[in-house]
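J.: sequence first, then the predicted structure, then my questions.
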2 protein chains.
Amino acid sequence: MIHEIAEIDVTPGSEEAFEAAVAAAAPHFRAAKGCRSLKLHRSIEMPSRYRLVVEWDSVDDHIVSFRESDGFQQWRALASPHFAAAPRVEHVSKVLDAF
Amino acid sequence: MIHEIAEIDVTPGSEEAFEAAVAAAAPHFRAAKGCRSLKLHRSIEMPSRYRLVVEWDSVDDHIVSFRESDGFQQWRALASPHFAAAPRVEHVSKVLDAF
């Protein structure tokens, strides 16, 4: 189990439309192999910056299976019109869950 | 309820010591006003990069109450010897919890 963290800057003024696009795209993630959860966080200091946090069984479930799927095309069609820049994507694994 | 996300690059080779330092410092967070959870994530692409994710009742609980506390000094004393650079700290609020 790993998390994808995609840091996404959207065009200022398109925040509401972007949030709606992510909600509309969520079923494409839910249907994807190995996809366990999807959350969207918005920066308080930089309100046009979001972090999409997606839990996957493995990195390959994200960067191979999902990226080659029709669901990925649907997600990008919905969300990318609001991108101010290419998302910065990283994968992390949890090493401590203190409390 | 908000999340602090601190992106921390540690000196290569000090990963194990840094993880132990965060575990040792966790009680100082647990004791802090408004602190609800603490998790540490390690980057898969950049293994010397971590994200400390701390849940607080408010931004002020983090940047006012905690940063002025003795617990913050204890945390920094434990962790900062491993920092390769100053942590990049941001606060986010969850706007979507799709599934």
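T.: Cool, got the structure.

J.: any residue of the longest helix anywhere in chain A up close to chain B?
T.: Once chain A is assigned using DSSP state H, the helix that runs over the most residues is helix A:15-30. Yes - Helix A:15-30 is in contact with chain B by Cβ under 8 Å from any Cβ of the partner chain, via A:19, A:22-23, A:26, A:29-30. Every residue, glycine included, has its C-beta placed from N, CA and C.

J.: among the residues you listed, which ones are buried?
T.: The neighbour-count test (16 or more other Cβ atoms under 10 Å in any protein chain shown) applied to those identifies A:19, A:22, A:26, A:29 as buried.

J.: among these, pick out the one closest to chain B, please.
T.: Closest approach to chain B among these (Cβ to the nearest Cβ): A:Ala26, at 3.7 Å.

J.: for the residue nearest to that closest one when sequence neighbours are not counted, give me its contacts.
T.: Nearest residue to A:Ala26 in three dimensions, chain neighbours excluded: B:Ala98, at 3.7 Å (Cβ to Cβ, 6 or more residues apart in numbering or on different chains). Shown in contact with B:Ala98 (Cβ atoms under 8 Å, 6 or more residues apart in numbering or on different chains): A:22-23, A:26, A:29-30, A:37-40.

J.: which positions in chain A make contact with chain B?
T.: A:2-3, A:5, A:19, A:22-23, A:26, A:29-30, A:37-46, A:50-51, A:59, A:90-99.

J.: and those, which of them are buried?
T.: Judged by 16+ other Cβ under 10 Å, buried ones among these: A:2-3, A:5, A:19, A:22, A:26, A:29, A:38-43, A:50-51, A:90-92, A:96, A:98.

J.: thinking again about what came up before, following element in sequence after the longest helix of chain A, please.
T.: Next in sequence after helix A:15-30, counting helices and strands by DSSP states H and E, comes strand A:35-43.

J.: give me the sheet partners of that next one and which way each runs.
T.: strand A:49-56 (antiparallel), strand B:88-97 (antiparallel) (DSSP bridges).

J.: surely A:Glu90 touches B:Pro47?
T.: No - A:Glu90 is beyond contact range of B:Pro47, at 11.5 Å (criterion: Cβ atoms under 8 Å).

J.: on that earlier part again, got the residues of helix A:15-30 next to chain B as a markdown table, with pLDDT columns?
T.: Formatted as a markdown table, these follow (pLDDT from 0 to 100):
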| residue | pLDDT |
| --- | --- |
| A:Glu19 | 98 |
| A:Val22 | 98 |
| A:Ala23 | 98 |
| A:Ala26 | 98 |
| A:Phe29 | 98 |
| A:Arg30 | 98 |
